[in-house]
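*Asks:* Let's see this in three dimensions:
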Amino acid sequence: MPRSMPMLCQQALAHAPAPSVAPTLAPRPAPAPVLAPMPAPALAPMRTPALAVALALIVCTALSVGLTSPSAAAGSGGGGHGVRGWGPRLGVTVNPDQFHFGMHLDAGNFAERVRFQPNIEVGVGDHVTTVALNFEAMYRFRKRWDVWTPYAGGGLGLNFFDWDHGYGDSSDTELGVNALGGIEKGLSNGDRFFLELKLGLANSPDFKVTVGWTFE
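*Replies:* Residues are numbered from 1 along each chain as shown. I've put the predicted structure just below:
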């Protein structure tokens with residue numbers, strides 16, 4: 001007896017091979033990003049402050065003059081060797097256009113009416129800071145100290161310049177030559193007042209107008 005069609009279909013399906021299933025591959029994890037090492041910040045070059053250098057130089061000069069001089073003369077700005085006084089000074093500078101201030105040291109006479117007077121002047125303004133360490137000598141045209149007396153002189157100046165350009169700083173050091181002249185008057189207590197004009201002949205500000213006081 002022939003088999004029925006439904007039974008034949010069932011037997012064919014029972015003996016048919018199972019369909020193969022492709023294995024599912026798990027996704028491979030993405031490699032962790034490698035972080036590049038951060039470069040160490042560049043260190044700005046260290047510069048010795050010009051003001052500290054200038055102050056150290058003028059202190060050493062004062063000490064050497066005071067220690068090597070045989071004596072310090074006293075009284076009313078008279079002649080003599082040795083440190084005889086010190087005082088403040090301030091004024092204006094042209095090229096660069098600045099206000100300057102500082103101090104000076106009367107180191108005594110090394111010739112008739114000729115004295116050595118080192119000084120330091122700090123100028124601010126015009127996008128630059130200047131520090132001038134000046135080694136100057138001057139000649140007084142009169143011996144009397146109780147009247148206004150003209151004087152003239154000059155010397156060398158060690159000039160430190162520190163510019164601020166807005167996008168960065170730069171600095172320089174120059175050895176300058178100065179010429180100066182002024183008037184000075186001694187007071188009854190021995191102190192002195194002066195008005196001075198200084199010209200920069202080489203590698204120095206064009207000129208300075210300075211007023212100052214010397215304490216004895």
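*Asks:* contacts, neighbours, all on C-alpha from now
*Replies:* Noted.
*Asks:* tell me which residues in the longest strand anywhere in the chain are buried?
*Replies:* Secondary structure assigned by DSSP state E gives strand 169-186 as the longest strand of the chain. For strand 169-186, burial by neighbour count (16 or more other C-alpha atoms under 10 Å) applies to Gly176, Val177, Asn178, Ala179, Leu180, Gly181, Gly182, Ile183, Glu184, Lys185, Gly186.
*Asks:* neighbouring strands for that strand, and are they parallel or not?
*Replies:* Sheet pairing of strand 169-186 (DSSP bridges) gives strand 149-164 (antiparallel), strand 192-202 (antiparallel).
*Asks:* Point out the one among those that comes closest to Asn95.
*Replies:* Nearest to Asn95 among the strands paired with strand 169-186 is strand 192-202; the distance by C-alpha to C-alpha comes to 10.0 Å.
*Asks:* same for the helix or strand following the closest one, what does it pack against?
*Replies:* For strand 192-202, the following helix or strand on the C-terminal side (DSSP states H and E) is strand 207-214. For strand 207-214, the contact count by 3 or more C-alpha pairs under 8 Å, 6 or more residues apart in numbering; DSSP states H and E identifies strand 81-94, strand 192-202 as packing neighbours.
*Asks:* State the mean pLDDT of the last one.
*Replies:* To tie it back to what came earlier, the one meant is strand 192-202. Taken as a whole, strand 192-202 has a mean pLDDT of 97.
*Asks:* Same question for stretch 151-158.
*Replies:* Averaged across stretch 151-158, pLDDT comes to 98.
*Asks:* just to revisit the earlier point, is it possible to get JSON lines of the strands paired with strand 169-186 that adds mean neighbour count and distance to Pro88?
*Replies:* Formatted as JSON lines, the strands paired with strand 169-186 follow (neighbours: other C-alpha atoms under 10 Å; distance: least, C-alpha to C-alpha, whole Å):
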{"stretch": "strand 149-164", "mean neighbour count": "19", "distance to Pro88": "18"}
{"stretch": "strand 192-202", "mean neighbour count": "18", "distance to Pro88": "10"}
